[in-house]
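Trainee: missing the sequence, but the structure's below:
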């Protein structure tokens, strides 16, 4: 997988670079961004951001995941980040996750527009068979957003992950398969047009 810039009418996704740090620090200065972060709660927002940033920049050497900075075209602002994770080329699958947006971007066109780009790239360019998504079982907003785009819930892994604050979360898994992509694409396109 080679990181590429992806864009449509609503958003531009750029592979994470040092030049994004200042813009994303502003977007991340909100406690609600970090509520369900694997780092856990308890830190100030900018402390969480600095930890996230330091870990995220390792992608260029580890190639373990592929993070993007998210630019919202209508406001002209950098509003968050998303990434491909756990790329398994032999198994023809990847995960989309570690997604966060500043508060005013949540529930807007941003998430469906990002998923439209990332799922399209996964299925149409990389020719994958499966895209996985997962979230903290307590994160109702994320769960609803994943279901709304047409992903299928596969189940919950109980006591799956110990967060930075010691809380052990349950993780809900979802997927979209290549044969489901045309229907999911139509739903996402409709949501973007109607936003």
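Mentor: Nice, I can see it. As the structure is a prediction and not an experimental result, all values here were calculated from the model.

Trainee: SS state for the residue of the chain positioned farthest from its centre?
Mentor: For the chain, the largest distance from the centre (CA atoms, centre = their mean) belongs to residue 166, which lies 23.2 Å off. On the three-state scheme (DSSP: H, G, I helix; E, B strand; the rest coil), residue 166 is labelled coil.

Trainee: quick one: it from residue 142, how far?
Mentor: Per CB to CB, to the nearest Å, residue 166 is found 21 Å from residue 142. Heads up, the C-betas are built off the backbone N, CA and C, glycines and all.

Trainee: and if you look at residue 95?
Mentor: Distance of residue 95 to residue 142, given as CB to CB: 14 Å.

Trainee: mind checking the SS state of the residue lying closest to residue 161 once chain neighbours are set aside?
Mentor: In space, and not counting its chain neighbours, residue 161 is closest to residue 169: 5.2 Å by CB to CB, 6 or more residues apart in numbering. Secondary structure assignment for residue 169 (three-state DSSP): strand.

Trainee: next, count neighbours for residue 169.
Mentor: Per other CB atoms under 10 Å, the neighbour tally for residue 169 reads 20.

Trainee: repeat for residue 105
Mentor: Neighbours around residue 105, by other CB under 10 Å: 21.

Trainee: how about the contacts made by the closest residue to it other than its chain neighbours?
Mentor: Spatially, and ignoring its direct neighbours in sequence, residue 105 is nearest to residue 79 (4.1 Å; CB to CB, 6+ apart). The neighbourhood of residue 79, defined by CB atoms under 8 Å, 6 or more residues apart in numbering, consists of 27, 70-72, 101-102, 104-105, 110.

Trainee: now the buried members of these.
Mentor: 27, 70-72, 101-102, 105, 110 (16 or more other CB atoms under 10 Å).

Trainee: pLDDT wise, what is the residue lying closest to residue 139 once chain neighbours are set aside at?
Mentor: Of all residues not flanking residue 139 in the chain, residue 36 sits nearest, at 4.5 Å (CB to CB, 6+ apart). For residue 36, the pLDDT comes out at 85.

Trainee: how many neighbours does residue 36 have?
Mentor: When counting by other CB under 10 Å, one arrives at 18 neighbours for residue 36.
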